[in-house]
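In: Please find the sequence and the predicted model below.
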Amino acid sequence: MGEFTMPSLGADMDEGTLVEWLVEPGAPIRRGDPVAVVETAKSTIEVECFESGTMGRPLVEPGTTVPVGTPLALIETAAGTRGKAGRARKPRKEPQGPSAPERTRPAEPAEPVRTREPVALEAPGHGHVEAGPLIRHLAEEGGVDLAALRGSGPGGRVTRADIERAAAAAPTARAPTARAPRARVTPLARRRAAELGVDLSSVAGTGKDAAIRAEDVSRAASGHAGAPSPPPRTTAAVRASRPSEDQAPAMRRAIARLMSRAHRDVPHYYLSTTVDMAVPTDWLHDRNRRSPMSERLLPAALLLKAAALAAHEVPELNGFWTDDRFTAGEGVHLGMAVSLRGGGLIAPVLRGADTLEVPALMSALKDLVSRARTGRLRGSEVSGATLTVTNLGDQGVETVFGVVHPPQVALVGFGRVVDRPWAVDGLLGVRPVVTVTLSADHRATDGAVGARYLTAVDRLLQNPEKL
């Protein structure tokens, strides 16, 4: 038996709010499957399970805020061993808020929560029947009246075999016909459908394996001319539907805490250089003229690839400062600062950026930015960055000096590509140029290392065909 816990999704996360369960108790889950939606101060994240097995008993109800490390549900593993699930991968010994609570018993959240214990159902003629969440689900699917059953399990508990026997023995008034597989529906979606009066059979699911989620129900309700007005929703549900607007104040506070700590604890140094972009710009224009619209590249893709390859060449800037020493990152995983429409920032992670071809990197970049702004990121996509890149060129900014995001040791900034007077081989002309900056932790490196990095970025951009 394992535990699915509230994951740590960043150095500034101390607690999170469980918004929605994406799987029912008793459903099989595989490592990497999203099983819950968690709201942090910055965004609403789909959290994956890092253990395969069967979804067990939930310990926390949707809408509850609990500290990082709090068990949210039990995972019944095939091997029957006890482990941890649901933790997003993060750098070794990264400071991620308070230590996880003791696991000798499920941690109690600040507010009382309901756990889904077996329910005692009164059965005519023979007392009560014990039935757990999975049994109730199977009975509902099979059209079995639990109250009419006598359980064969210990203490009169209804078992799966009891449900199957009752379903098989039930008389049928019609000839058996092929029935389409029943769509998966998340628990929150079922409650939302009941609140809004939405027929789930008419809703198209957008979750994994076409599962119907709460957002799908809300969208369907908004399209119903005669749909009743929804009752007041919980704060967590409102924030889940509009993360970029309602989370902005909390996000600002979280960013302020982290940046204040970074300014206090990290001895920064700053470097900048100006890169001639004539060669990469010409190469980009030529390639885009010969490519379909959907496969055209933006300058940001070349800048990111150069930043990633330079980090591979200068690994002293690609990693973490923890326990008074530097630990190199395993791979180059770029955290990309993305501004949200309602204000605030989030930095989804582009994993293995140095190994991606530029078109693949461009595609991954567009996908991550789109999902970051709609609150559809997963837990593994917001943690584990080894180096952060911020690009404010599309905002008209020419130079940006960022703050290192601990425990990382460096941040790279790109400005807008602008035309400037530029001398080449003694001749003055007008060339497109971009300012590249580096903010770095002086405990891990010094200016000489930073200069090597910026020189590598410049050299790589002058050979765009090799990126």
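Out: Looks like it arrived, so ask away. Residues are numbered from 1 along each chain as shown.
In: Show me where the chain dips below the pLDDT cut-off.
Out: Counting by pLDDT under 70, the ranges of the chain that qualify are 11-12, 78-138, 140-142, 152-157, 160, 170-183, 187, 208-209, 223-248.
In: make it 50
Out: Under the criterion pLDDT under 50, the flagged ranges of the chain are 80-84, 87-128, 172-180, 224-245.
In: Could you list the buried residues of the longest helix seen in it?
Out: Using DSSP state H to define each element, the chain has its longest helix at helix 248-265. Within helix 248-265, the residues that qualify as buried are Ala248, Met251, Ala254, Ile255, Leu258, Met259, Ala262, counting by 16 or more other Cβ atoms under 10 Å. In short, each C-beta sits where N, CA and C put it, glycine included.
In: Check for me that Ala307 belongs to a helix.
Out: Yes - judged by DSSP: H, G, I helix; E, B strand; the rest coil, Ala307 forms part of a helix.
In: Might one say that it is in contact with Val389?
Out: Yes - between Ala307 and Val389 a contact is recorded at 5.3 Å, counting by Cβ atoms under 8 Å.
In: contacting residues around the spatially most central residue of the chain?
Out: Centroid-nearest residue in the chain: Arg378, 2.2 Å away (criterion: Cα atoms, centre = their mean). For Arg378, the contact set (Cβ atoms under 8 Å, 6 or more residues apart in numbering) comprises Pro34, Ile45, Glu46, Val47, Glu48.
In: That one bridge partners, please.
Out: Beta-bridge pairing for Arg378 (DSSP bridges): Glu46.
In: now swap in Thr65 and tell me
Out: Going by DSSP bridges, Thr65 forms beta bridges with Thr17.
In: Repeat that for His268.
Out: Here His268, judged by DSSP bridges, has bridge partners Asp441.
In: Number of residues surrounding it?
Out: Residues near His268, counting by other Cβ atoms under 10 Å, number 16.
In: And for Leu454?
Out: Quick note: Leu454 (other Cβ under 10 Å) scores 19 neighbours.
In: and if you look at the one 10 residues further on?
Out: The tally of other residues near Pro464 (other Cβ under 10 Å) stands at 21.
In: contacting residues around the residue lying closest to Asp446 once chain neighbours are set aside?
Out: Nearest residue to Asp446, sequence neighbours excluded (Cβ to Cβ, 6 or more residues apart in numbering): Tyr269, at 7.3 Å. Taking Cβ under 8 Å, 6+ apart as the contact definition, Tyr269 lies against Ser439, Ala440, His442, Asp446, Gly447, Gly450.
In: Kindly provide the distance from the closest residue to the second one other than its chain neighbours to Gln462.
Out: Right, Ala440. Spatially, and ignoring its direct neighbours in sequence, Ala440 is nearest to Ala410 (4.4 Å; Cβ to Cβ, 6+ apart). From Ala410 across to Gln462, the span is 22 Å (Cβ to Cβ, to the nearest Å).
In: more neighbours, those two?
Out: Ala410 (27 against 15).
In: Now do the phi/psi pair for that one.
Out: Dihedral pair for Ala410: phi -160, psi 160, per degrees, to the nearest 10.
In: Could I get the contacting residues of it?
Out: Ala410 touches 317-318, 387-388, 404, 438-441, 444-445, 450, 453, counting by Cβ under 8 Å, 6+ apart.
In: Quick check: closest non-adjacent residue to Ala221.
Out: Counting by Cβ to Cβ, 6+ apart, the residue nearest Ala221 is Leu196, at 4.1 Å.
In: Let me fix that, I meant to ask about Pro34.
Out: Glu46 (4.1 Å).
In: So what's the residue count around the one you found?
Out: Glu46: 24 neighbours (other Cβ under 10 Å).
In: ok, now how distant is it from Ser52?
Out: 17 Å.
In: Quick one: residues contacting the residue nearest to Pro34.
Out: By Cβ under 8 Å, 6+ apart, the contact list for Glu46 reads Leu22, Pro34, Ala36, Val37, Arg376, Leu377, Arg378, Gly379.
In: Could you dump those into a markdown table and include distance to Pro71?
Out: Output for those, formatted as a markdown table (distance: Cβ to Cβ, whole Å):
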| residue | distance to Pro71 |
| --- | --- |
| Leu22 | 17 |
| Pro34 | 18 |
| Ala36 | 12 |
| Val37 | 17 |
| Arg376 | 25 |
| Leu377 | 23 |
| Arg378 | 20 |
| Gly379 | 16 |
